[in-house]
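**Student:** Kindly generate the corresponding structure for this input.
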Amino acid sequence: VVKNIAAAGTKLNVLGVSGQWLRVSDASGVSGYIRSDLVNYKSASQTKPPVQPSAPATAGDKLVETAMLYKGYAYTWGGMSPSTGFDCSGFANYVCKQHDITLNRVAQDIYSYDGTAVAKENLLPGDLVFFGYGPYCVTHMGIYIGDNDFIHASTSPTGVIISELDSNYYTRMYVGAKRVA
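**Tutor:** Numbers count the residues shown, from 1 in each chain. Have a look, this model is predicted:
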């Protein structure tokens, strides 16, 4: 389910940029994400648009673009598709599969066997982030989208959401990251 945060023509404030995604908010403070190619830019002085990124989208940017399509979808333990809902590793598997990337099924095995380790300070959009009680007890994962945020299938009440990597809980539970794209 895709939810609109603003009607066409609404002025939005750009809070951050991650690849081709803009983190925006409206005048009431409601925030969300929108692809930059869907926005007409005007600078604060309304004289000229900001410079568009000239670099082509990376494989990681493409993973993020796909992942963002499922924001708001249901969480289901063991779920691996939009029709049934997702659990955290099912979500990562589904998104990666759309880009011909094969992962192990569960977060612990993905962390242990897939991709290349990435230091937290070197995270790029599309990297997989892992949480738990250490490298041998990984209990959750998500996809880093940039600006210290990640998207993940969180819980039954919330479904697929975006969370801040530096929130108290995720800082405490952070185990590591892997690059698969």
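
**Student:** Mind listing what's buried along stretch 111-120?
**Tutor:** In terms of neighbour count (16 or more other Cβ atoms under 10 Å), stretch 111-120 has its buried residues at 111, 114, 115, 118. The C-beta positions use only the backbone N, C-alpha and C, and glycine is treated the same way.

**Student:** show me the contacts for the residue lying closest to the third one once chain neighbours are set aside.
**Tutor:** Leaving aside its sequence neighbours, residue 115 sits nearest to residue 178 (Cβ to Cβ, 6 or more residues apart in numbering; 3.4 Å). By Cβ atoms under 8 Å, 6 or more residues apart in numbering, the contact list for residue 178 reads 110, 111, 114, 115, 116, 117, 118, 127, 128, 130.

**Student:** Residue 77 now?
**Tutor:** For residue 77, the contact set (Cβ under 8 Å, 6+ apart) comprises residue 87.

**Student:** Tell me the strands beside the helix or strand that contains residue 145, with direction?
**Tutor:** In the assignment (DSSP states H and E), residue 145 maps to strand 138-146. Looking at strand 138-146 with DSSP bridges, its partner strands are strand 128-132 (antiparallel), strand 149-155 (antiparallel).

**Student:** Quick check: end-to-end length of stretch 76-86?
**Tutor:** 5 Å (Cα to Cα, to the nearest Å).

**Student:** tell me the mean pLDDT over it?
**Tutor:** The pLDDT scores in stretch 76-86 average 96.

**Student:** repeat for stretch 100-116
**Tutor:** Stretch 100-116 comes out with an average pLDDT of 98.

**Student:** who wins for proximity to residue 174 among the strands paired with strand 138-146?
**Tutor:** Nearest to residue 174 among the strands paired with strand 138-146 is strand 128-132 (5.9 Å), distances taken as Cβ to Cβ.
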